[in-house]
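Engineer: this one's structure only:
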């Protein structure tokens, strides 16, 4: 079957650019430039020159603006007066933003109060949430403390990692068998043998690996595997001359990382992806943190994966369930939106800078994620301890009444 088809322009499946007025923060306080025209204060207006020819594609379709807005520079400590003033402005902006998206650590008592007498389900992104953002994705490793606390979380709550990485890769990085793993933005879900993931869906697979342990898989986009393979091979060939570019094959999607590419070469990266993607109308482009991701155009994302897992666990549409999703990327917004619109749980955005989000709370970085998860485990242990005390008290009262 011919996987290609003529198509005038690839699908750009990203939310609208951030509206700085909706953040409730003055534009001068925002920590990184926003998309849109800029004007010089002098007599003449500086108009950026665009490279002639095909590069105009990625200017006209907004890809470059999206690449910049989804990849804000990380805050650096530089001993220069003007930089220090800018850093102060960033802190003011973040403090103002946190009035709308308060710290999940400072709000833990409120969150735990909402969780009282409810079953919590925990969903976690990986990069930027359980591990720090690093220049090489292969070196994004969890700390031993983080792995330990995630294991403890899974002892008390159903826990899943939902990531853009391949399921096999994130399982290799995490190495905990107690969890559910949803790779490729939820298009490749692995569950323990004790739980069925089928839900009657035709794309569910029950298999028995070589070691003899039965597992459950759910793959709603399995028909796209040959297409992603073909695209990935073409991208390797087309980008091999671009210094710093890194490609990753996630089975159901392909990632083009430009974190280590000189910003002057970003248009070239975008154009290479555009030229490949235009021949595949059944694939779409999404933006992450300094990464372009090519995915199938199916109605599936991290939000759908959360709904699917809740249903598989028998926890969907129940008043006694509180899902919590912690993530740092634009792709996590789909999950935040599901929880907010369903009024069923909380999204927690991990970010050191203000961002428009569907989350309810915020954390600055993986260090704060670690503290939050430890607090969650401590709270659960204390809750179970008091339940036992209460049961003993009721038993004692019953014996006295005899």
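Structural biologist: Alright, I've got the coordinates. Since the model is a prediction, treat every value here as computed from it, not as a measurement. Residues are numbered from 1 along each chain as shown.
Engineer: surely residue 232 meets residue 249?
Structural biologist: Yes: using Cβ atoms under 8 Å, residue 232 is in contact with residue 249, at 4.9 Å. The C-beta positions use only the backbone N, C-alpha and C, and glycine is treated the same way.
Engineer: for stretch 264-276, the averaged confidence score.
Structural biologist: Stretch 264-276 comes out with an average pLDDT of 92.
Engineer: can you show me the helices along the stretch 251-400 of the chain?
Structural biologist: Listed in chain order, the helices of the stretch 251-400 of the chain (DSSP state H, counting those that start in this stretch) span 266-277, 302-312, 333-341, 366-400.
Engineer: quick one, which of those is nearest to residue 326?
Structural biologist: helix 366-400 (6.0 Å; Cβ to Cβ).
Engineer: and the closest one, which residues are buried?
Structural biologist: 366, 368, 369, 370, 372, 373, 374, 375, 376, 377, 379, 380 (16 or more other Cβ atoms under 10 Å).
Engineer: now do stretch 329-343
Structural biologist: Under 16+ other Cβ under 10 Å, the buried positions of stretch 329-343 are 329, 330, 331, 332, 333, 334, 335, 336, 337, 338, 339, 340.
Engineer: average model confidence for that stretch?
Structural biologist: The model assigns stretch 329-343 a mean pLDDT of 93.
Engineer: what's the span of that stretch, first residue to last?
Structural biologist: End-to-end distance for stretch 329-343, by Cα to Cα, to the nearest Å: 21 Å.
Engineer: what strand or helix carries residue 161?
Structural biologist: strand 159-162 (DSSP states H and E).
Engineer: what pairs with that strand, and is each one parallel or antiparallel?
Structural biologist: The sheet places strand 159-162 alongside strand 119-124 (parallel), strand 180-183 (parallel), with pairing taken from DSSP bridges.
Engineer: quick one on the thing from earlier: closest one of the buried residues of stretch 329-343 to residue 115?
Structural biologist: The closest of these to residue 115 turns out to be residue 339 (Cβ to Cβ; 13.5 Å).
Engineer: circling back: among residue 232 and residue 249, which residue is more densely surrounded?
Structural biologist: residue 232 (20 against 17; other Cβ atoms under 10 Å).
Engineer: what is the helix or strand where the more buried one lies packed up against?
Structural biologist: Assigned by DSSP H and E, residue 232 belongs to helix 225-239. Of the remaining helices and strands, those touching helix 225-239 by 3 or more Cβ pairs under 8 Å, 6 or more residues apart in numbering; DSSP states H and E are strand 246-249, strand 254-257, helix 266-277, strand 283-288, strand 291-296.
Engineer: now the end-to-end length of stretch 110-120.
Structural biologist: So stretch 110-120: terminal residues 14 Å apart, Cα to Cα.
Engineer: sounds good, over and out.
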